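Visitor: sharing a sequence plus its predicted fold:
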There are 2 protein chains.
Amino acid sequence: MKTLKVIKIGGNIIDNDEALQQFLKDFATIKEPKLLVHGGGKLATKLAQQMKVEVKMVDGRRITDADTLDIITMVYAGKINKNIVAQLQANNCNAIGFSGADGNTIVSDLRPSKPIDYGFAGDVKKVNTETLEILLNNEITPVFCAITHDKNGQLLNTNADTIASELAIGFASIFKTELYYCFEKNGVLENVEDDDSVIENINTATYKTLVENKVIFEGMLPKLNNCFHAIHHKVQKVCIGKSSMLFNVNNKHTTITK
Amino acid sequence: MKTLKVIKIGGNIIDNDEALQQFLKDFATIKEPKLLVHGGGKLATKLAQQMKVEVKMVDGRRITDADTLDIITMVYAGKINKNIVAQLQANNCNAIGFSGADGNTIVSDLRPSKPIDYGFAGDVKKVNTETLEILLNNEITPVFCAITHDKNGQLLNTNADTIASELAIGFASIFKTELYYCFEKNGVLENVEDDDSVIENINTATYKTLVENKVIFEGMLPKLNNCFHAIHHKVQKVCIGKSSMLFNVNNKHTTITK
């Protein structure tokens, strides 16, 4: 069984031209089948301000009305995705940009409007791997933005971490799948102020304790829930850390195990 | 040899939600391998105005500075392309959106800055059909926006009519290729005021006369140059007219022959 690396990058890379350029150069050197998922960074909020569309967030999640959906579709699937694809091509990595609508790869349900109405937000229902498998077997690298569809013509704003874990799970019976969440820290930290205090291994039992002791809180909770969801659904390896963990074996990071 | 239909749609369909919805419903019923190319319509200009980016046109062509390139990438590759793909999926047509950067499908040269500096505008240099052929043979429909790349990381604004003719030419040795330019009129008109005055057939000789007699002028000249370029490079059939020509054999239109 071949290995597939599913790699998610966030705002700390996307919002920094130089960091993004360096990351994509490194990413292009990965020989195994690979799949990139990118978040949106700060550009969507910036464009919303320019267009005088109000930005509404609840618990760190964007309320996606029709204007906001247009904005994120333009920024995520347009500007960010196509520039990433063009840069990967320049590094001889044959990439194709995807939303979940493309190839019907990710179908979502509109999130229920209770208790909070998030508007055009999608919860992943099904990943269709067939088309992506053809591409991966032809050494083509899919690059996903954080947009899915409902198969009835409606695009839906969807959490990029969730897209990464669901894609990894979708491929887990076809490839030996590894999931990497790249972000601005070296991993899950004992002390959020100290980037050297990486917890190198978290399993289901230690996770419970870390949550109870409030070492893990806020935004790290959904990220880690995605990690455990993946590791409990046949994903072989799940890691969190700086993107350098992919290219430097000595780089400290957090590994999630059952 | 299988038939491939390359179909280009423009502003009259893209700018009208109902017309677009109906067109995509009809398009999805086409059984043969097919490829859609869409222009940008008025949305890019509207967004530029909202973002207070000056719109500069010379001879009907957009001057593409860095801000304008961002805008067209957001509108063409983002909003328009992804909404078309989502609607095709709703009609059970398995579509994937493309710019020329995706799959390195269309490589362009930056247009020379003399006599007019069009900024980030690309002239098509090479079409790579390999990836698209895999998709077409798997009943997947590529949907192209009018953006290409230079293979060095730079996206380039590229004329949608040209993209359609170059794609048709690129496939002409693999498929029996047909090229359809859909626009707001029934075809090339004897009298621009009279939509019934369709010239049903134009060949190289009659074209010359029509240009000399100024029956064909302005925006129709580059469109027809693209048509003749295609018909002289092994494209089997080239037609201009309303999109209804695709679905109703009795619909008048213009056919281009050698």
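Guide: Good, I have the coordinates.
Visitor: so what's the residue in the stretch 101-250 of chain A positioned nearest to chain B up against?
Guide: Residue nearest to chain B within the stretch 101-250 of chain A (Cβ to the nearest Cβ): residue A:153, separated by 3.7 Å. All C-beta atoms are positioned from the backbone trio N, CA, C, and that covers glycine. By Cβ atoms under 8 Å, 6 or more residues apart in numbering or on different chains, the contact set of residue A:153 is B:86, B:87, B:89, B:90.
Visitor: distance check, the closest residue to it other than its chain neighbours against residue B:84.
Guide: The spatially closest residue to residue A:153, leaving aside those adjacent along the chain, is residue B:90, at 3.7 Å (Cβ to Cβ, 6 or more residues apart in numbering or on different chains). Relative to residue B:84, residue B:90 is positioned 11 Å away (Cβ to Cβ, to the nearest Å).
Visitor: now swap in residue A:148 and tell me
Guide: Residue A:148 sits at a distance of 16 Å from residue B:84 (criterion: Cβ to Cβ).
Visitor: between these two, which is the more surrounded one?
Guide: Applying other Cβ atoms under 10 Å in any protein chain shown to residue A:148 and residue B:84 shows that residue A:148 carries more neighbours, namely 32 against 23.
Visitor: kindly check the end-to-end length of stretch A:10-26 for me.
Guide: Terminal residues of stretch A:10-26 lie 16 Å apart, using Cα to Cα, to the nearest Å.
Visitor: list the strands paired with the helix or strand bottoming out on mean pLDDT in chain A, with their directions.
Guide: None of the helices or strands of chain A scores lower by mean pLDDT, DSSP states H and E than strand A:61-62, at a mean of 83. With DSSP bridges as the test, strand A:61-62 is paired with strand A:57-58 (antiparallel).
Visitor: what's near enough to touch residue A:189?
Guide: A:195, A:197, A:198, A:199.
Visitor: please indicate which of those are buried?
Guide: Listed as buried from these are A:197, A:198, A:199; burial here means 16 or more other Cβ atoms under 10 Å in any protein chain shown.
Visitor: closest one to residue A:245 out of those, please.
Guide: residue A:198 (10.2 Å; Cβ to Cβ).
Visitor: hmm, the closest one is touching residue A:251, no?
Guide: No - Residue A:198 is beyond contact range of residue A:251, at 9.8 Å (criterion: Cβ atoms under 8 Å).
Visitor: need the residues touching each of these two.
Guide: A:186, A:241.
Visitor: who are the neighbours in contact with the residue nearest to residue A:153?
Guide: Per Cβ under 8 Å, 6+ apart, neighbours of residue B:90: A:151, A:152, A:153.
Visitor: quick check, the residue in the stretch 51-200 of chain A closest to chain B?
Guide: Per Cβ to the nearest Cβ, residue A:78 is where the stretch 51-200 of chain A lies closest to chain B, at 2.5 Å.
Visitor: from residue B:76, how far out is that residue?
Guide: Residue A:78 is 7 Å from residue B:76, by Cβ to Cβ.
Visitor: what of residue A:65?
Guide: If you measure residue A:65 against residue B:76 using Cβ to Cβ, the figure is 23 Å.
Visitor: these two: who's more crowded?
Guide: More neighbours surround residue B:76 than the other of residue A:65 and residue B:76, with 29 against 16 (other Cβ under 10 Å).
Visitor: secondary structure class for the more buried one?
Guide: For residue B:76, the assignment made with DSSP: H, G, I helix; E, B strand; the rest coil gives helix.
Visitor: who's in contact with the closest residue to it other than its chain neighbours?
Guide: Take residue B:76 and drop its neighbours on the chain: the residue closest to it by Cβ to Cβ, 6+ apart is residue B:145, 4.0 Å away. Counting by Cβ under 8 Å, 6+ apart, residue B:145 touches B:38, B:40, B:76, B:77, B:80, B:81, B:97, B:98, B:99, B:160.
Visitor: likewise for residue A:185?
Guide: A:195, A:241, A:242.
Visitor: pLDDT-wise, what's the bottom of the residues you listed?
Guide: Within the contacts of residue A:185, residue A:195 has the lowest pLDDT, namely 92.
Visitor: now do the SS call for that one.
Guide: Per three-state DSSP, the local secondary structure of residue A:195 is coil.
Visitor: quick one: what helix or strand has residue A:125 in it?
Guide: Per DSSP states H and E, residue A:125 falls inside strand A:122-127.
Visitor: do the helix or strand just after that strand and chain B come into contact?
Guide: Once strand A:122-127 ends, the next helix or strand along the chain (criterion: DSSP H and E) is helix A:130-137. Yes - on the criterion Cβ under 8 Å from any Cβ of the partner chain, helix A:130-137 is in touch with chain B at A:131, A:134, A:135.
Visitor: now the last one. Nearest residue, chain neighbours left out?
Guide: Going back to what we said before, that points to residue A:135. residue A:142 (6.0 Å).
Visitor: just give me the neighbour total for that neighbour.
Guide: 25.
Visitor: what does the pLDDT read for it?
Guide: 98.
Visitor: which SSE is it in?
Guide: Counting by DSSP H and E, residue A:142 is found in strand A:141-144.
Visitor: tell me how far that strand lies from the chain's centre.
Guide: Distance of strand A:141-144 from the chain centroid (Cα atoms, centre = their mean, to the nearest Å) equals 11 Å.
Visitor: what are the contacting residues of it?
Guide: With Cβ under 8 Å, 6+ apart, strand A:141-144 has contacts from A:33-38, A:81, A:84-85, A:88, A:93-100, A:105-106, A:132, A:135-136, A:163-164, A:167.
Visitor: which of the residues in that strand are buried?
Guide: Buried-residue list, strand A:141-144, by 16+ other Cβ under 10 Å: A:141, A:142, A:143, A:144.
Visitor: list the contacts for the closest residue to the first one other than its chain neighbours?
Guide: Spelled out, it's residue A:141. Nearest residue to residue A:141 in three dimensions, chain neighbours excluded: residue A:95, at 4.6 Å (Cβ to Cβ, 6+ apart). Applying Cβ under 8 Å, 6+ apart to residue A:95 gives the contacts A:36, A:84, A:85, A:88, A:89, A:140, A:141, A:142, A:143, B:101, B:102, B:103.
Visitor: cutoff 10 Å now
Guide: For residue A:95, the contact set (Cβ atoms under 10 Å, 6 or more residues apart in numbering or on different chains) comprises A:24, A:27-28, A:34-36, A:81, A:84-89, A:135, A:140-143, B:101-104.
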